[in-house]
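S.K.: structure of the sequence below:
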Amino acid sequence: MRRSLVLTDEAARHPFRASLPPHVRREAITANDDAFWRVTARDMRGVVTTYFACLAAVLAFIL
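M.R.: Next up, the predicted model:
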C-alpha cells in the first residue's frame, strides 16, 4: 500500500477537502462546467410540479 508523505493538501483551502485523496479532488474540479448551470426542461418540470403541489396543499388547508 502506497501512502503519501503529506496527508493533506494545503491548496484545497478547507480541512475536509484537504483530507480527500487526490483522485476525488480531481473529479470535483471537472464538475465546474458551464453545462452544470444550465436549466433543462426536466428542471422546469420539477419546479412547476412543486409549485402546483404546494399550491394545492395550501388551498386544501385554507378551504
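
S.K.: next structured bit after the least confident helix or strand in the chain by mean pLDDT?
M.R.: The weakest-scoring helix or strand in the chain, judged by mean pLDDT, DSSP states H and E, is helix 22-29 (a mean of 65). Heading C-terminal from helix 22-29, the first helix or strand you meet, by DSSP states H and E, is helix 41-62.

S.K.: hmm, who's touching that next one?
M.R.: Around helix 41-62, nothing counts as a contact under C-beta atoms under 8 Å, 6 or more residues apart in numbering. (C-beta placed from N, C-alpha, C; glycine too.)

S.K.: and it, what's its mean pLDDT?
M.R.: Taken as a whole, helix 41-62 carries a mean pLDDT of 96.

S.K.: tell me the buried residues in that helix?
M.R.: By neighbour count on 16 or more other C-beta atoms under 10 Å, the buried set for helix 41-62 is empty.

S.K.: please save the CA atoms from that helix in CSV.
M.R.: Output in CSV follows, covering the C-alpha atoms of helix 41-62 (Å, rounded to 0.1, in the frame of the first residue of the first chain):
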residue,chain,number,x,y,z
ALA,A,41,-36.8,21.0,-19.3
ARG,A,42,-36.6,18.4,-16.6
ASP,A,43,-35.6,21.1,-14.1
MET,A,44,-38.5,23.4,-15.1
ARG,A,45,-41.0,20.4,-14.9
GLY,A,46,-39.8,19.8,-11.4
VAL,A,47,-40.2,23.5,-10.4
VAL,A,48,-43.7,23.6,-11.9
THR,A,49,-44.7,20.3,-10.3
THR,A,50,-43.5,21.5,-6.9
TYR,A,51,-45.3,24.9,-7.3
PHE,A,52,-48.6,23.3,-8.1
ALA,A,53,-48.3,20.7,-5.3
CYS,A,54,-47.6,23.4,-2.8
LEU,A,55,-50.5,25.5,-4.2
ALA,A,56,-52.9,22.5,-3.9
ALA,A,57,-51.7,21.8,-0.3
VAL,A,58,-52.3,25.5,0.7
LEU,A,59,-55.7,25.6,-1.0
ALA,A,60,-56.7,22.4,0.7
PHE,A,61,-55.6,23.8,4.1
ILE,A,62,-57.5,27.1,3.6
